[in-house]
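Engineer: I need the structure of the sequence given here:
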Amino acid sequence: MERTTEEFKMLIFDLMNGSLDLTNNPPEESGYVADEYAEGKTCQQAYSKILDAYWHICERLGVGEEDKDLEVITDNFNLITKCLCMKMYDYCYFFTQPSIK
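Structural biologist: Below you'll find the model as predicted:
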């Protein structure tokens, strides 16, 4: 798979955030890309704090289920993160080319 395709970038992103099931036929790249949401990793700890704060806010608001505004905030923050990850991949690829000095 060509490393500049959106499909490849999504593979790396999915490996990084642990959203792929690696039990059957894991991709070769899984040997090089760490799951940053694995137990004890910084992203897992930060996301755990986000979820705790999310539920505390829901409790304060008297919402027994998820709050729609908090869902919008969380979903869009995740979208921003994904967008930045994809751009960082593009920049890394660009700046590692031999023609760039």
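Engineer: L84: which element?
Structural biologist: Assigned by DSSP states H and E, L84 falls within helix 68-95.
Engineer: check contacts around the residue nearest the centre of the chain.
Structural biologist: Nearest residue to the geometric centre of the chain (Cα atoms, centre = their mean): N17, 4.3 Å. Applying Cβ atoms under 8 Å, 6 or more residues apart in numbering to N17 gives the contacts D35, E36, Y37, C43. Just so you know, the C-beta spots here come from the backbone N, C-alpha and C atoms, and that holds for glycine as well.
Engineer: now the residue lying closest to Y89 once chain neighbours are set aside: how far from L15?
Structural biologist: Residue nearest to Y89 in three dimensions, not counting chain neighbours: K9, with 5.2 Å by Cβ to Cβ, 6 or more residues apart in numbering. In this view, K9 and L15 are 11 Å apart by Cβ to Cβ, to the nearest Å.
Engineer: same check on E28?
Structural biologist: 11 Å.
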